[in-house]
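**Q** Here is my input; please provide its structure:
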Amino acid sequence: MRGLWLLCLLATPAAAVTCEDLDHLGASYTVCEVTADEDLQLFLRDDAGAILGSFSAVEADTGRDLAFAMNAGMYHDDRAPVGHYIEDSEVEMRVIATAGPGNFGLLPNGVFCIGDHLRVYETRDYQAKAPTCTHATQSGPMLVIDGALHPRFIKDSDSRFIRNGVGTSADGTRAVFAISNEAVNFHDFATLFRDRLALPDALFFDGKISRLHAPQLNRSDFGWQLGPIVGVLE
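**A** Residues are numbered from 1 along each chain as shown. You can find the predicted model right below:
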């Protein structure tokens, strides 16, 4: 019997994503961890070039279920990405390295790279290292840079919104995606990645429109149509 139990255990596939709810500094968050060996991708357009815009549209377009997904970077009114964007090794948008208006232009900003590793790079470091990314999305500001918080964050700021982002481990084997379940400021959101999740680099994706698809938590947020989406296909 014991041998049969071990055989069944070995035959059971590991979960592609692990999601959980947690509290940090008195606020609620949902975090989902993905490893580099999972089928993590970015999704923007269908084969005809039309913006997908929703989690259900990604599933319909790929013919596969999503184990996890969230919005993955800022976009224009036509839902084209504001910054650098690569999907399936095809570059849609170049790197934007100059300061500008809004959160995206609050330098330093950064790039989330999906390749043989998962890594958040500060934008100019990304340009200097030129890593090979099968998928990449640029957003801003950086939340954590080599263990330090973005220098412009204010601890007691009253600028509070629902926010989401991603942090990566130092060895590039893990990415942890987080969304706040209530309005938080940049400082507290950044310390979630640095102090609670112990991740050296993290990048803000967006606020207000932030949404999560986490079937294992029976959660799939809906609302406005999205631009870039990051997700793991079953």
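**Q** any idea of the pLDDT on residue 109?
**A** Note on residue 109: pLDDT of 98.
**Q** try residue 152
**A** For residue 152, the model assigns a pLDDT of 95.
**Q** And for the one 5 residues further on?
**A** On pLDDT, residue 157 comes in at 97.
**Q** any idea which helix or strand carries it?
**A** Counting by DSSP states H and E, residue 157 is held by no secondary-structure element, helix or strand.
**Q** For the residue nearest to residue 28 when sequence neighbours are not counted, give me its contacts.
**A** Take residue 28 and drop its neighbours on the chain: the residue closest to it by C-beta to C-beta, 6 or more residues apart in numbering is residue 181, 4.1 Å away. For glycine as for every other residue, the C-beta is placed from the backbone atoms N, C-alpha and C. Applying C-beta atoms under 8 Å, 6 or more residues apart in numbering, one finds that residue 181 lies in contact with 21, 27-30, 162.
**Q** same thing but 10 Å
**A** Contacts here follow C-beta atoms under 10 Å, 6 or more residues apart in numbering; on that basis residue 181 touches 21-23, 27-30, 162, 212.
**Q** Show me those residues that map onto strands.
**A** Restricting the contacts of residue 181 to those inside strands, with DSSP state E as the criterion, leaves 21-23, 27-30, 212.
**Q** Looking at the residues you listed, which one is closest to residue 122?
**A** When the ones in strands among the contacts of residue 181 are compared for distance to residue 122, the smallest value, 23.4 Å, is given by residue 29; criterion: C-beta to C-beta.
**Q** still on that earlier bit, let's have the ones in strands among the contacts of residue 181 in TSV, adding pLDDT, distance to residue 195 and neighbour count.
**A** What follows is the ones in strands among the contacts of residue 181, written out as TSV (pLDDT from 0 to 100; distance: C-beta to C-beta, whole Å; neighbours: other C-beta atoms under 10 Å):
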residue	pLDDT	distance to residue 195	neighbour count
21	98	18	12
22	98	12	14
23	98	13	10
27	98	13	17
28	98	16	13
29	98	13	23
30	98	17	19
212	98	22	22
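**Q** Not counting sequence-adjacent ones, nearest residue to residue 89?
**A** Setting aside the residues directly before and after it, residue 89 is nearest to residue 134 in space (C-beta to C-beta, 6+ apart), at 5.5 Å.
**Q** Look up how far residue 43 lies from the one you found.
**A** 13 Å (C-beta to C-beta, to the nearest Å).
**Q** contacting residues for the residue nearest to residue 89?
**A** 40-42, 86-90, 113-116.
**Q** And these, which of them are buried?
**A** Buried positions within these, assessed by neighbour count (16 or more other C-beta atoms under 10 Å), are 40-42, 86-87, 113-115.
**Q** Same list (those residues) but as JSON lines, adding pLDDT and secondary structure.
**A** Rendered in JSON lines, the data for the buried ones among the contacts of residue 134 read as follows (pLDDT from 0 to 100; DSSP: H, G, I helix; E, B strand; the rest coil):
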{"residue": "40", "pLDDT": "98", "secondary structure": "strand"}
{"residue": "41", "pLDDT": "98", "secondary structure": "strand"}
{"residue": "42", "pLDDT": "98", "secondary structure": "strand"}
{"residue": "86", "pLDDT": "98", "secondary structure": "strand"}
{"residue": "87", "pLDDT": "98", "secondary structure": "strand"}
{"residue": "113", "pLDDT": "98", "secondary structure": "strand"}
{"residue": "114", "pLDDT": "98", "secondary structure": "strand"}
{"residue": "115", "pLDDT": "97", "secondary structure": "coil"}
